[in-house]
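S.K.: Here is the input, now give the coordinates:
(chains A and B)
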Amino acid sequence: EVQLVQSGAEVHKPGESLKISCKGSAYNFTEYWIGWVRQMPGKGLECMGIIYPADSDIRYSPSFEGQVTISADKSINIVYLQWSSLKASDTAIYYCARLGVRGVISHFDSWGQGTLVTVSS
Amino acid sequence: DIVMTQSPDSLAVSLGERATINCRSSQSLLSRSNNKRFLAWYQQKPGQSPKLLISWASTRESGVPDRFSGSGSGTDFTLTISSLQAEDVAVYFCQQYYYTPTFGQGTRVEIK
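M.R.: Numbers count the residues shown, from 1 in each chain, chains lettered A, B, ... in the order given. A predicted model of the protein is given here:
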């Protein structure tokens, strides 16, 4: 069974940096795009961007370009999402999710459990 | 970005009755090269990760009850729950994947 396991909840102050992770297992990690999806408290889903681990091809959604960095380490089957300077408005649950058709951008067929990031002074 | 707009934002339906959720995209999601519709539907229950219900506009995922169905083409799509059950109370999202994915704002389904 495909699994995406995310790193644990984080609490940080504004201005701090942060990197969260998502580890895939039980499938060929390099052959499927993975995306990061933000869900702010009580709000909907927003795709921040997607990455193809085989060659680190990245597509950012316009709202998130320059705000976060997505990366991958295919040697250990992990995708990352990082911030250089957090803001209170980054408080949200962040999901990683696999795009379910090999090699192409498609629907999200498997989801991580979510990582709650809280930014507060 | 392709903008996805759902309607209504919320609806209350009696148990056993039909629930219909609409989703409109700002441009066509139909691929002329393979005639596929790049549209998915998800269900999210409180405190849970989203769950894929339907892909390619009308293909139900394995294990999804057949009371859930998807239809539509071009820019207008519909998710129908034919006979609402208590366990269907959730927020439903549409999503396009014609380009970098974007979601609709969600529709909350409750019991009347």
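S.K.: Quick check: which ranges of chain A have low pLDDT?
M.R.: For chain A, no stretch has pLDDT under 70.
S.K.: Near chain B, which residues of chain A are found?
M.R.: By C-beta under 8 Å from any C-beta of the partner chain, the residues of chain A that approach chain B are A:35, A:37, A:44-47, A:49-50, A:59-62, A:95, A:97, A:99-100, A:105-109, A:111-114. Bear in mind the C-beta positions are built from the backbone N, C-alpha and C, glycine included.
S.K.: which of these are buried?
M.R.: Buried members of those, counted by 16 or more other C-beta atoms under 10 Å in any protein chain shown: A:35, A:37, A:44-47, A:49-50, A:59-61, A:95, A:97, A:99-100, A:105-109, A:111-112, A:114.
S.K.: Would you mind measuring from the residue nearest in space to the middle of chain B to A:Gln6?
M.R.: Centroid check for chain B by C-alpha atoms, centre = their mean gives B:Trp41 as the closest residue, at 3.4 Å. According to C-beta to C-beta, to the nearest Å, B:Trp41 stands 23 Å off from A:Gln6.
S.K.: One more: A:Tyr80?
M.R.: Going from A:Tyr80 to A:Gln6 by C-beta to C-beta gives 11 Å.
S.K.: And stretch A:70-87, end to end?
M.R.: Terminal residues of stretch A:70-87 lie 17 Å apart, using C-alpha to C-alpha, to the nearest Å.
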